[in-house]
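*Asks:* structure for this input, please:
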Amino acid sequence: MKRICRKRIFKYCFFALILATGNLIFTSCFSKGSGRHFCTQNPVAVLNLALRSGTYSEVIKECLPEFEAKNNIQCNVIDLSEGGLKSGIATDTEGQYDLCMVDGSWMAEYTSKGILANLTELGYDLDDDIIPATKTICYHNKNLYLAPYYGNVTVLLYNKLMIKEAGYKPEDINSIEDILKICRFQKKRHNLGFMFRGDTANNIVVDFLPILLSRGTYVVDVYNNPTINTNEFAEAIYMYKSLIKTGRAAKKDDLIAAIANKSAAIGIGWPGWYTPTRNSSMDYIALSGRYRDDRMAYNSNIYGIWTIGIPQASRNKEQAVKLLTYLMDKDVQKATVKSGGVPCRYSSLKDPEILKKFPQYEAVRKALEAGVYRPVMEEWSQFYTILGREMKLIIDDEKTVTQGLEDAQRDIEEMLKKSRSSK
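*Replies:* Just a heads-up that it's a prediction; the model follows:
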């Protein structure tokens with residue numbers, strides 16, 4: 001009897017141990033925090049993905065289990081802030097990462113320093129379904145280094161009721177001048193008109209660029225020389241100041257809340273910030289690119305597209321190309337839309353079923369078709385730091401528009417001269 005009991009006890013303990021071990025394996029393989037998505041047996045490769053945290057990385061994580069299962073490849077995701085991602089990729093000489101997200105404005109620095117692998121040499125190219133304008137940043141000397149993955153682009157956020165009160169429908173907002181009229185109308189009613197992000201130099205500049213482009217000019221010429229101290233730039237600054245007078249500065253979450261809660265009428269934002277529905281109080285449209293109703297339209301929506309590429313230091317380029325090809329597949333990308341993905345693809349952004357459920361993607365497509373990348377130059381971070389500093393002084397009336405633009409032009413020219421002479 002004792003012997004039977006002992007056998008039973010041993011059997012129960014054995015099965016309990018098996019169950020506990022199985023649960024431990026299951027948890028470790030599928031835990032969100034671990035970055036693992038599929039538990040492979042003796043994987044042929046382990047790929048480390050350096051991704052921009054937030055929706056951008058979440059949509060990729062959802063795609064990984066199928067890829068891992070079909071290819072017996074384990075994928076580990078490392079979520080990073082924008083700054084951590086940029087520096088992490090740039091300083092990786094040991095092959096720590098095998099696939100990475102890259103902001104388009106980093107392209108010049110990364111290609112000049114040989115940070116990215118040549119995708120053309122690895123046998124990959126972009127197809128015709130991808131919106132053409134989004135591809136321009138991806139090539140260097142006719143070779144492909146990046147693929148446009150997440151279609152982030154500036155859009156005009158607005159409160160539905162507040163623009164209606166001002167006598168406008170979304171399709172009637174044809175110019176920057178129309179935006180100013182709506183914001184002044186709400187300001188007179190003791191509401192906030194235009195909300196802008198004034199917390200960092202980069203945010204100030206990026207918020208302003210759609211207005212500048214609508215005026216038919218930009219921050220640099222075709223040779224990447226600064227074009228700050230011009231009459232056109234000054235006119236755009238005066239318009240920006242007029243808009244700002246109707247509202248106030250805010251961080252992203254406060255800006256969204258103010259427009260959604262009918263405290264403010266309009267702001268410039270990004271599709272990844274907010275997913276409108278037919279019943280929501282806030283929506284967005286693509287900026288028209290017109291400064292005034294009687295002027296021509298220019299491409300004025302600023303790209304913040306997150307591209308994907310392969311670090312040159314990766315020791316698993318063959319498997320990484322396989323993963324990149326899978327992630328860029330049109331059907332795989334289309335499947336990410338339900339979770340907040342924004343493919344740069346006509347097959348997704350023109351799909352009747354997608355537009356029926358997510359009508360805002362028509363605005364995203366128009367914005368992507370009429371988008372502009374920030375200047376492709378190694379010194380862009382120093383450039384916008386100087387310009388943002390001077391713009392802040394102009395906005396706060398600590399400098400006149402004339403003085404601020406003169407100082408910005410001079411300091412940027414000196415910075416560029418010093419940077420270019422050292423190469």
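*Asks:* ok, now how distant is Phe383 from Met377?
*Replies:* Per C-beta to C-beta, to the nearest Å, Phe383 is found 7 Å from Met377. Just so you know, the C-beta spots here come from the backbone N, C-alpha and C atoms, and that holds for glycine as well.
*Asks:* looking at those two, which is more packed in?
*Replies:* Phe383 (27 against 19; other C-beta atoms under 10 Å).
*Asks:* any idea which element Ile394 lies in?
*Replies:* For Ile394, the host element (DSSP states H and E) is helix 380-395.
*Asks:* in that helix, what counts as buried?
*Replies:* Of all the residues in helix 380-395, those buried under the rule 16 or more other C-beta atoms under 10 Å are 380, 382-395.
*Asks:* for the residue nearest to Arg215 when sequence neighbours are not counted, what are its contacts?
*Replies:* With sequence-adjacent residues excluded and distances taken as C-beta to C-beta, 6 or more residues apart in numbering, Arg215 is closest to Ala236, at 4.4 Å. Contacts here follow C-beta atoms under 8 Å, 6 or more residues apart in numbering; on that basis Ala236 touches Phe208, Ile211, Leu212, Ser214, Arg215, Thr217, Tyr291.
*Asks:* tell me the SS of the last one?
*Replies:* So the one you mean is Tyr291. coil (DSSP: H, G, I helix; E, B strand; the rest coil).
*Asks:* got phi/psi on it?
*Replies:* phi -80, psi -50 (degrees, to the nearest 10).
*Asks:* picking up where we left off before, find me the pLDDT at the residue nearest to Arg215, would you?
*Replies:* pLDDT recorded at Ala236 is 98.
*Asks:* for it, helix, strand, or coil?
*Replies:* Per three-state DSSP, Ala236 ends up helix.
*Asks:* then the one 10 residues further on?
*Replies:* What three-state DSSP gives for Thr246 is coil.
*Asks:* break the protein into its domains for me.
*Replies:* Using automatic domain parsing, the domain ranges for the chain come out as 33-152+304-372, 155-302+379-421.
*Asks:* and the residue nearest to Arg215, how far from Ala363?
*Replies:* Distance from Ala236 to Ala363, by C-beta to C-beta: 23 Å.
*Asks:* ditto for Tyr298
*Replies:* 18 Å.
*Asks:* what do you get for Gln41?
*Replies:* Distance from Gln41 to Ala363, counting by C-beta to C-beta: 46 Å.
*Asks:* looking at the two now, which is surrounded by more residues?
*Replies:* Ranked by neighbour count (other C-beta under 10 Å), Gln41 and Ala363 place Ala363 first, with 22 against 5.
*Asks:* quick one: buried residues of stretch 175-189?
*Replies:* Neighbour counts over stretch 175-189 (16+ other C-beta under 10 Å) mark Ser175, Ile176, Glu177, Asp178, Ile179, Leu180, Ile182, Cys183, Arg184, Phe185, Gln186, Lys187 as buried.
*Asks:* which residues sit against stretch 324-340?
*Replies:* Contacts for stretch 324-340 (C-beta under 8 Å, 6+ apart): 55, 58-60, 62-63, 67, 99, 119, 124, 126-127, 129, 147, 149, 272, 275, 308-310, 341, 343, 345, 347-348, 351, 354, 358, 361.
*Asks:* what do you get for stretch 170-180?
*Replies:* Residues outside stretch 170-180 that contact it (C-beta under 8 Å, 6+ apart) are 156, 158, 163, 168, 182, 194, 211, 214, 239, 242-243, 246, 266, 283, 285, 288, 290-293, 295.
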